[in-house]
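**Student:** Please find the sequence and the predicted model below.
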Amino acid sequence: MECHPLYKKDPPLPTTGRADHATSSRLLVMLAAVRSRLYKTATLPFSSSSPFFTLAASSPLQRPHASMSSPKDFVEDTINNNKVVIFSKSYCPYCAETKQLFRNFFPNIDVKVIELDERPDMTAIQDYIKEKTGRRTVPQTFIGRQHLGGNDDLYAAYEEGKVKTLLDESA
Ligand SMILES: N[C@@H](CCC(=O)N[C@@H](CS)C(=O)NCC(=O)O)C(=O)O
């Protein structure tokens with residue numbers, strides 16, 4: 001199976017610092033233009049603390065890591081607060097099969113999918129999952145806080161009836 005980011009069907013918006021900066025700069029220029037036109041036409045009481053500017057300055061584009069928890073806290077909180085968690089990568093075919101298993105056989109179960117390749121802390125999260133489970137590959141699935149393993153492990157567990165048992169037990 002092909003497993004490479006270039007095979008991803010829907011590439012994410014640019015997430016590098018430079019792209020973010022360019023995007024937010026363009027946004028600020030647009031907002032400034034709108035602000036100056038409004039000033040001319042309606043003389044509205046804008047100031048530098050206008051909601052427009054507050055919004056732009058606190059945008060995740062400018063402060064991408066500000067509210068992020070540690071990789072360990074993020075993984076543990078996610079597992080504790082969701083019945084089924086799949087740590088995945090959006091372009092990974094094994095991950096697609098894992099997601100498909102739940103869609104096919106357990107369509108009414110909420111599944112929390114974390115697409116690691118869409119997060120800036122991907123590597124740190126994979127490091128923590130490796131520390132926790134001994135596995136660094138994706139997917140890694142947890143049901144009711146219990147680690148089931150990769151895609152092969154999940155399908156084997158499904159065949160044995162273990163997936164259903166764990167889902168029932170963690171109701
Ligand atoms: N046999 C494994 C194969 C998993 C696998 O090779 N995943 C690739 C992604 S498609 C991987 O994790 N590569 C290393 C990485 O992305 O860090 C399974 O069934 O889960």
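**Tutor:** Received the coordinates, thanks. Numbering: from 1, shown residues only.

**Student:** residues in contact with the residue in the chain positioned nearest to the ligand?
**Tutor:** Per Cβ to the nearest ligand atom, residue 150 is where the chain lies closest to the ligand, at 2.5 Å. The way it works is simple: take the backbone N, C-alpha and C, and place the C-beta from them, glycine included. For residue 150, the contacting residues are 94, 135, 137, 138, 139, 140, 141, by Cβ atoms under 8 Å, 6 or more residues apart in numbering.

**Student:** Try it again at 6 Å.
**Tutor:** Residue 150 makes contacts with residue 137, as judged by Cβ atoms under 6 Å, 6 or more residues apart in numbering.

**Student:** how's the protein carved up into domains?
**Tutor:** The record assigns the chain these domain ranges, following automatic domain parsing: 5-58, 71-169.

**Student:** among these, which gets the worst mean confidence?
**Tutor:** Lowest mean pLDDT within the domains of the chain: domain 5-58, a mean of 47.

**Student:** Any residues of the protein in contact with the ligand? List them.
**Tutor:** 3, 89, 92, 94, 126, 137, 138, 139, 150, 151, 152 (Cβ under 6 Å from any ligand atom).

**Student:** Redo the residues you listed as CSV? Include distance to residue 70.
**Tutor:** Below are the residues of the chain next to the ligand laid out as CSV (distance: Cβ to Cβ, whole Å):
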residue, distance to residue 70
3, 28
89, 21
92, 24
94, 27
126, 14
137, 22
138, 20
139, 22
150, 24
151, 27
152, 30
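
**Student:** Show me which of the residues you listed are buried.
**Tutor:** 89, 92, 94, 126, 137, 138, 139, 150, 151 (16 or more other Cβ atoms under 10 Å).

**Student:** For residue 69, state which of those residues is nearest.
**Tutor:** Nearest to residue 69, judged by Cβ to Cβ, of those is residue 126 at 15.9 Å.

**Student:** next one: phi and psi at the closest residue to that closest one other than its chain neighbours?
**Tutor:** Sequence neighbours aside, residue 136 is the residue nearest to residue 126 in space, at 5.4 Å (criterion: Cβ to Cβ, 6 or more residues apart in numbering). With angles defined as degrees, to the nearest 10, residue 136 sits at phi -120, psi -10.

**Student:** residues near residue 136, how many?
**Tutor:** When neighbours are counted by other Cβ atoms under 10 Å, residue 136 registers 12.

**Student:** Give me the distance between it and residue 116.
**Tutor:** Distance of residue 136 to residue 116, given as Cβ to Cβ, to the nearest Å: 11 Å.
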